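Sharing a sequence plus its predicted fold:
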Amino acid sequence: MTRPQSDLSLIEEGDTRPGRSYLSEGWTLGSWLGTRDHKRIALLYAASITLFFFLGGIAAALIRIELATPQGDLVSADTYNKLFTAHGVIMVWLFLIPSIPSVLGNFLMPMMIGARDLAFPRLNLASWYLYMLGGAIVLWALLAGGVDTGWTFYTPFSTMFSNSHVVLALVGVLVVGFSSILTGLNFIVTVHTMRAPGMGWFRLPLFVWANYATSLILVLATPVLAMTLVLVAVERLFQVGIFDPALGGDPLLFQHLFWFYSHPAVYIMVLPAMGVASEIIPCFARRPVFGYRFMAYAILAIGVIGFLVWGHHMFVSGQSVYAGMVFSLLSFMVAVPSAIKVFNWTATLYKGRISFSAPMLYALGFVGLFTIGGLTGLFLAALALDVHLSDTYFVVAHFHYIMVGGSVMAYLGGIHFWWPKITGRMYSEAWGRLAAVVIFAGFNLTFFPQYLLGYAGMPRRYHSYPEEFQLLHVLSSAGAVTLAIGYLMPLGYLAWSLRYGRPAPPNPWQATGLEWQAASPPPVHNFAQLPVVARGPYAYHTD
Amino acid sequence: MTVPFHVLPADGAASATRLDSLALCLLLLTGAVALGVLVMMIVFCVRYRARSKADRSHVPSRDLPVEIAWTAIPMLLFLGLYAWGAIDYAALYRPDPAATPVFVVAKQWMWKAEHRNGRREVGQLHLPLGRPVRLVLTSQDVIHSFFVPAFRIKQDAVPGRYTSIGFTPSKAGEYELFCAEYCGTEHAMMTGRIVVLPPAEYGRWLAEGPRQPGMAARGFALFRQYGCSGCHAAGSSVHAPDLTNLLGRRVHLQDGREITADEAYVRDSIYLPRKDVVAGYEPIMPSFAGQIGEEDLLAIIEYIRESGHDPSTERP
Amino acid sequence: MSTVKQPHAEQFTSREQQSFAGTFGMWVFIASELLFFGPLLFGYLYLRVHYPEASAAASRHTDYLLGTSNTAVLLTSSFLMALAGHAAESGQRPRAMRLLWAVAALGFVFLVLKGWEYHKDFQENLFPGPGFRPEHGGRLQQLPGMQLFFILYFVATCLHAVHLTIGILVCLAMAWRLRRPPPVGVSADAIEYAGLYWHFVDVVWIFLYPLLYLVGRAGG
């Protein structure tokens, strides 16, 4: 197997000596909490989002335990409503949106373009502090008694009827939103201004393209959410009629404003995952990605068209039929670039030399599950079908296939793929593969039955339900147990590898990409000498 | 009511079977694509696994005709499916003059319905088999959603406006009604049942129950009780717009706009009289917000609707 | 033009790259801020279309004199800000410092005038809510529309004031740090970014002023 070629050896002799990496530059708490190094900031994010993932996961576990029986017997109705709200708010804003960009993106973006850091390192640290502040405020809202509006905060329930800590939760989400905007800004400026000589746009790895498009959405959509939440808070605090019809307001105005952000938000959650898959699959198929330009254009198309489809969340809301028709058409159109990407990933396996490492298993799982999730989106885009399926478990299954089967699998795949680079250690491949399979199986058992539940008519956000739905719910809850075990496994063996794992060489996977040219783990400034790029990405050869 | 589990709920409405066909088509198409992708992935993973001796010469990085093909073909198929879904959707909302209107008011956490003849129900709804029905929905508080899986219909009940949806029950029986928009503590308990009766039985059921005037007659009584007739009746000394045949009429407003009077306009005129004042009239109508409840309002609207074509609207 | 290589932050490869990144970054930030104020402007458009007379009546309740004075204050401050940027670029740090103090002072004047205007608005019962009761001008049927106008007015001007306050604090910080020469003191680039931000805050006001104060005034 030939080594991928690069123009310069970027590793000086000194870099691979122990004691020179970014991890060993200072061991004090202050050196971590005051760092400007994008790699350390990535780890700060990694620790905090892992914490929030497990908090959101506990809420999910309680939900699934409750739903194993038709009666609402584990928790009260109010508590259940607070649980699904907590699950949604934490998982969307405190886990999924930051996960790949703020952990893997922060760590890898500068390295992938041959830079020493992001454009604004102090702003990067400020983003993390804003994230922690917002997270703390959300936790405070949850501990002080919770919020029961659902993560979607529909009015007038959230402004005039809910007796929970709505404004506190809104402030928390607002603060986390600013963190996202600043991260997006940092990425955009970095990609535009700090690419190494020779690194033209069409030589960028697709991971960079994906995070760039995500950053555009972060910067343009999140402010709209911020303003919407401000208006909800104003209505709730001052009892004025912006969204409450009893005071002359319009509840549908809230839905338009909210979904204008929240639909692009789901692309914030999935585009980076697509970027990760596009790095892993070529590496373990030992061949270039198929159709690089179409892949890059598809990423941009998803980002742009994603801004135009928000009304598909409102087909039964009382929105005009004509608006529904326009949004439905555009929603079918946004599926086209996603389909292109799936076909291209599949074609990347053709005539490859495929090995099934843990990252590859996660990436292949991502492609399969994203395909199923994306195709079920078509059911929801079809107007007449959505009348039946909207607000049922079909929708719940659809978005979990994309966000959990898609984004979380890709995130884990990325963590495994770049683990040697980030930590300088190899994890146990056997445990990695086992966990990937357990997660894949547990995931399907949890969420596939929910498609059937949804078509059968089981509505969302119900803590008790008619008996005839119980069998499918029990299967789903059993799957959730498996999934939970699957998620706990990496926590175990990855932590173990930090101490006992085999030290990693600079390029254990023989991958292309500038990040693999630096030592594992990299020195503070990434490269001894900044690279000059003379070829495109994914210069793998199978012969 | 215990119902055996079916992935496909009972086919309770004429449009339900058609919807299931659309779903089946989509299932076949998406299933074929998913299966195709999965099979290809497995085939490639097996054939081109690291130690295999398959032919790996001429690895293609791009293939424009193929890429264009698998962009264009899905796009065309999607357009077809979109059109089918859009046509069927429009049918649900097309106003049908022959449809029987039923008025539903949602509130935390129950469904209240009233039929034209005044018969009211809570938590259940009786409907005639084989006759088109048009539901007119609103909410007294937060957004709810009227969902009957057997009919494959769902429509949000939004406070401050009227929404509507039409369907034709096609099979007699009892069906589940759910609230499908999260509305607070007892959202999961806000269920009910739909009872579809053959026309003769339905007619009998409609005539039964506590003797009470029809909706329009009840509305007429309320129209007098709240003092509307004081200004709006023909012989009144107060200059107020004539309400006969109002629904469906074009109305010229004070600020130059021209609108078609519908249920929402009448509702707004009663609750927010200064919002859309008719051209040529003083804005002296008092507001009845907080005084007239949603169900009474629907009755008054029915009276106004009927007042156009029947001079005597008082029914026994 | 200096031929000596200027120092730059370690993540960049040259001073030029750093300057470009800084300016570009500020523009990206301004773009996100436009999307933040955007929904309010959209709401205003919706209001004008659906309640034309009510919005005109409501805007006649805003204080034309205070609004115009504030506009003059802010435009002058933007002019001084541009001068400060030029002074910093040509190395005249004490002059730049004085100009920045002046900009901050004018910003403060704006806030004082705005505060006084809010006080008057409260006294005239123009704050939306149960106590909303505009006294003169406007017909009674326009009340719901007028209240919506004032919700937008307060949210938009309050947000603008928050942004202005941040701008004032930035000017004060820059003026303070101009006392020391670079690299410890602040660079001319930083003054330029602050200037961009200040001009953005000014431009937002230039949109808000006619929309909130001048609608319905001609022809009274």
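Received, thanks. Numbering: from 1, shown residues only, chains lettered A, B, ... in the order given.

Over to B:Glu114. Which of the three states is it?
strand (DSSP: H, G, I helix; E, B strand; the rest coil).

my guess is it contacts B:Phe103, does it?
Yes - using Cβ atoms under 8 Å, B:Glu114 is in contact with B:Phe103, at 4.8 Å. Any C-beta I mention is one placed from the backbone N, CA and C, and that applies to glycine too.

Identify the contacts common to the two.
Counting by Cβ atoms under 8 Å, 6 or more residues apart in numbering or on different chains, the common neighbours of B:Glu114 and B:Phe103 are B:Met215, B:Glu295, B:Leu298.

Can you tell me which residues in the stretch 201-350 of chain A are near chain C?
A:219-224, A:226-228, A:230-231, A:234, A:238-242, A:248, A:257 (Cβ under 8 Å from any Cβ of the partner chain).

are any of the residues you listed buried, and which?
By neighbour count, with 16 or more other Cβ atoms under 10 Å in any protein chain shown, those hold A:219-224, A:226-228, A:230-231, A:234, A:240-242, A:248, A:257 as buried.

Report the buried residues of stretch C:20-28.
Going by neighbour count (16+ other Cβ under 10 Å), the buried part of stretch C:20-28 is C:Phe20, C:Ala21, C:Gly22, C:Thr23, C:Phe24, C:Gly25, C:Met26, C:Val28.

so which of these would you say is closest to A:Ala277?
C:Val28 (27.3 Å; Cβ to Cβ).

So that closest one: helix, strand or coil?
Look at C:Val28: counting by three-state DSSP, its state is helix.

Could you list the contact residues of chain A toward chain C?
Counting by Cβ under 8 Å from any Cβ, chain A comes close to chain C at A:110, A:115-121, A:181, A:184-186, A:188-190, A:192-194, A:219-224, A:226-228, A:230-231, A:234, A:238-242, A:248, A:257, A:525, A:530.

can you do 7 Å?
Chain A comes close to chain C at residues A:115-121, A:181, A:185, A:188-189, A:192-194, A:219-220, A:223-224, A:226-228, A:234, A:238-240, A:242, A:248, A:257, A:530, as judged by Cβ under 7 Å from any Cβ of the partner chain.

where does A:Leu220 land in three-state SS?
Classification of A:Leu220 using three-state DSSP returns helix.

what number of residues lie near residue 237?
Using chain A here. 12 (other Cβ atoms under 10 Å in any protein chain shown).

other chain: chain B
B:Ser237 has 7 nearby residues by other Cβ under 10 Å.

Could you pull up the residues touching it?
By Cβ atoms under 7 Å, 6 or more residues apart in numbering or on different chains, the contact set of B:Ser237 is empty.

In a helix, it, correct?
No - according to three-state DSSP, the state of B:Ser237 is coil, so it is not within a helix.

Roughly how far does it sit from B:Gly230?
According to Cβ to Cβ, to the nearest Å, B:Ser237 stands 9 Å off from B:Gly230.

which residues touch B:Glu181?
A:Asp391, B:Ile143, B:His144, B:Ser145, B:Asp156.

give me that answer again for 6 Å
B:Ile143, B:His144, B:Ser145, B:Asp156 (Cβ atoms under 6 Å, 6 or more residues apart in numbering or on different chains).

ok, back up a step: now, the residues of the stretch 201-350 of chain A next to chain C that are in helices?
If you go by DSSP state H, those have A:219-224, A:226-228, A:230-231, A:234, A:238, A:257 in helices.

Can you pull the phi/psi pair for A:Trp151?
With angles defined as degrees, to the nearest 10, A:Trp151 sits at phi -70, psi -10.

Nearest spatial neighbour of it, chain-adjacent residues omitted?
For A:Trp151, ignoring the flanking residues on the chain, the nearest one in space by Cβ to Cβ, 6 or more residues apart in numbering or on different chains is A:Gly88 at 3.0 Å.

Please, which helix or strand holds that neighbour?
Assigned by DSSP states H and E, A:Gly88 belongs to helix A:77-89.

can you list the residues that contact that helix?
So helix A:77-89 is contacted by A:56, A:59-60, A:62-63, A:142, A:146-148, A:150-151, A:461, A:463, B:185 (Cβ under 6 Å, 6+ apart).

Show the subsequent helix or strand relative to that helix.
By DSSP H and E, the next helix or strand past helix A:77-89 is helix A:97-98.

Please enumerate residues in contact with that following helix?
Under Cβ under 6 Å, 6+ apart, the answer for helix A:97-98 is A:Ile49, A:Ile268.

How many residues are close by the residue of the stretch 1-150 of chain A found nearest chain C?
Residue of the stretch 1-150 of chain A nearest chain C, by Cβ to the nearest Cβ: A:Asp117 (3.7 Å). Each residue near A:Asp117 was counted by other Cβ under 10 Å, and the total is 26.

Quick check: the residue of chain B nearest chain C.
B:Arg274 (3.0 Å).

Tell me which helix or strand that residue sits in.
Using DSSP H and E, B:Arg274 maps to neither a helix nor a strand.

distance of it from A:Leu530?
69 Å.

And for A:Trp259?
The gap separating A:Trp259 from A:Leu530 is 43 Å, by Cβ to Cβ.

Looking at the two, which is more packed in?
Using other Cβ under 10 Å, the more surrounded residue of A:Trp259 and A:Leu530 is A:Trp259, with 21 against 17.

In JSON lines, list the contacts of helix A:77-89 along with pLDDT, secondary structure and neighbour count.
As requested, these are exported to JSON lines (pLDDT from 0 to 100; DSSP: H, G, I helix; E, B strand; the rest coil; neighbours: other Cβ atoms under 10 Å in any protein chain shown):
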{"residue": "A:Gly56", "pLDDT": "97", "secondary structure": "helix", "neighbour count": "21"}
{"residue": "A:Ala59", "pLDDT": "96", "secondary structure": "helix", "neighbour count": "20"}
{"residue": "A:Ala60", "pLDDT": "97", "secondary structure": "helix", "neighbour count": "23"}
{"residue": "A:Leu62", "pLDDT": "96", "secondary structure": "helix", "neighbour count": "18"}
{"residue": "A:Ile63", "pLDDT": "97", "secondary structure": "helix", "neighbour count": "19"}
{"residue": "A:Leu142", "pLDDT": "91", "secondary structure": "helix", "neighbour count": "23"}
{"residue": "A:Gly146", "pLDDT": "93", "secondary structure": "coil", "neighbour count": "17"}
{"residue": "A:Val147", "pLDDT": "95", "secondary structure": "coil", "neighbour count": "27"}
{"residue": "A:Asp148", "pLDDT": "95", "secondary structure": "coil", "neighbour count": "26"}
{"residue": "A:Gly150", "pLDDT": "95", "secondary structure": "coil", "neighbour count": "20"}
{"residue": "A:Trp151", "pLDDT": "96", "secondary structure": "coil", "neighbour count": "18"}
{"residue": "A:Arg461", "pLDDT": "97", "secondary structure": "coil", "neighbour count": "19"}
{"residue": "A:His463", "pLDDT": "93", "secondary structure": "coil", "neighbour count": "24"}
{"residue": "B:Thr185", "pLDDT": "94", "secondary structure": "coil", "neighbour count": "17"}
